[in-house]
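Undergrad: Attaching a predicted model along with its sequence, questions to come.
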Amino acid sequence: MAQQVGTAALLLIGNELLSGKVHEQNLVELARTLRALGIKLSRAVVVLDDVETIAREIRALKAEHDVVFTSGGVGPTHDDVTIEAVARAFDVSVSMHPTMEKLLRDAYKEKTTEGHLRMALVPEGAELVTTSEVPWPTVVMKDVWVLPGVPEIFRMKLSVVRAWMKGPLPFVSKAVFTRLEEAALKPLIDTVVAAHPDVEVGSYPKWFDDTYKTKVTFDARDDAAVERAVERFVSELPAEHLARIE
């Protein structure tokens, strides 16, 4: 049975992210996945490859969120320190997990190195989560999910997340595309926000597009609430300024 999760946070780990050497791609992938599950991604933090910094952020994020995901810092090299940091966050040691060790030795056979076996280290008490689609284990320590930083592998691991958790209720979203600039829409948006506090309203201007100037989005866990907010907005928007509704 899937675990019910309300809020989540993401800890992005890697010197390469903060130096601009690598273009970060995993935040948007996780956000979209969790949104589809009805889980709110409430915070994302980026840190260097430093054990104490990572551990401190894990403790802080876990104190305020149901689930924390980490991205990056898992692998065979000296700067892959996330597993050690997760262990430190929970004040436990790391040890070679026999299942992970066997998988690695089976995969690399006589070419298995000390670096490969570093990837078999897990925090004491951690779970190994798998699915039939992704049999390679994902390390989960007290609702901290340790995910890889490589975008292609990160996306693959998201299928495990989809299999193991869900939100309390799915999000419902609608978008109204208008031919008015954002500033001109502000009074109407303020009116709708005040009248429908249970609906999250966002406005996003678009430049150099002949089809619309501002997209206004309406999000909630209640379909009827979204419909009411959209109806209120559209009813007070001059018809000639409505481009489309999606």
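TA: Looks like it came in fine.
Undergrad: quick one: the helices in this protein?
TA: Residue ranges of the helices in the chain, as given by DSSP state H, are 15-18, 26-37, 51-64, 82-89, 98-108, 114-118, 151-164, 182-195, 223-236.
Undergrad: In the fifth one, which residues are buried?
TA: Under the neighbour-count criterion of 16 or more other CB atoms under 10 Å, helix 98-108 has 100-101, 103-104 buried. Heads up, the C-betas are built off the backbone N, CA and C, glycines and all.
Undergrad: Format the CA atom coordinates belonging to that helix as PDB.
TA: Coordinates of each C-alpha in helix 98-108 appear next as PDB, following Å, rounded to 0.1, in the frame of the first residue of the first chain:
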ATOM      1  CA  PRO A  98      25.000  -7.600   1.800                       C
ATOM      2  CA  THR A  99      22.200  -7.200  -0.800                       C
ATOM      3  CA  MET A 100      23.900  -4.100  -2.400                       C
ATOM      4  CA  GLU A 101      27.300  -5.800  -2.300                       C
ATOM      5  CA  LYS A 102      26.000  -8.900  -4.100                       C
ATOM      6  CA  LEU A 103      24.300  -6.700  -6.800                       C
ATOM      7  CA  LEU A 104      27.500  -4.800  -7.400                       C
ATOM      8  CA  ARG A 105      29.700  -7.900  -7.500                       C
ATOM      9  CA  ASP A 106      27.300  -9.600  -9.800                       C
ATOM     10  CA  ALA A 107      27.200  -6.500 -12.100                       C
ATOM     11  CA  TYR A 108      31.000  -5.800 -12.200                       C
END
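Undergrad: which strands and helices sit next to that helix?
TA: For helix 98-108, the packing partners by 3 or more CB pairs under 8 Å, 6 or more residues apart in numbering; DSSP states H and E come out as helix 114-118.
Undergrad: other SSEs contacting the helix it packs on?
TA: With 3+ CB pairs under 8 Å, 6+ apart as the test, helix 114-118 has helix 98-108 packed against it.
Undergrad: mind redoing it with 10 Å?
TA: The contact analysis (3 or more CB pairs under 10 Å, 6 or more residues apart in numbering; DSSP states H and E) places helix 114-118 against strand 94-96, helix 98-108.
Undergrad: Give me the neighbour count for the closest residue to residue 76 other than its chain neighbours.
TA: The shortest distance from residue 76 to any residue other than its chain neighbours is 3.3 Å, reached at residue 115 (CB to CB, 6 or more residues apart in numbering). Residue 115: 13 surrounding residues under other CB atoms under 10 Å.
Undergrad: List the residue ranges of the chain that fall below the pLDDT cut-off.
TA: Confidence mapping of the chain against pLDDT under 70 gives the ranges 1.
Undergrad: For the residue sitting nearest the centre point of it, give its distance to residue 44.
TA: Geometric centre of the chain, nearest residue: residue 30, 3.2 Å, by CA atoms, centre = their mean. Taken as CB to CB, to the nearest Å, the spacing of residue 30 relative to residue 44 amounts to 8 Å.
Undergrad: Please determine how far residue 164 is located from residue 242.
TA: Using CB to CB, residue 164 is found at 42 Å from residue 242.
Undergrad: Reformat the helices and strands packed on helix 114-118 into JSON lines and put distance to residue 143 next to each item.
TA: Below are the helices and strands packed on helix 114-118 laid out as JSON lines (distance: least, CB to CB, whole Å):
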{"stretch": "strand 94-96", "distance to residue 143": "18"}
{"stretch": "helix 98-108", "distance to residue 143": "20"}
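Undergrad: Quick one, which of those gets closest to residue 138.
TA: Ranking these by their distance to residue 138 (criterion: CB to CB) puts helix 98-108 first, at 11.0 Å.
Undergrad: gap between that closest one and the chain center?
TA: Using CA atoms, centre = their mean, to the nearest Å, we find the averaged C-alpha position of helix 98-108 to lie 29 Å away from the chain's own average C-alpha position.
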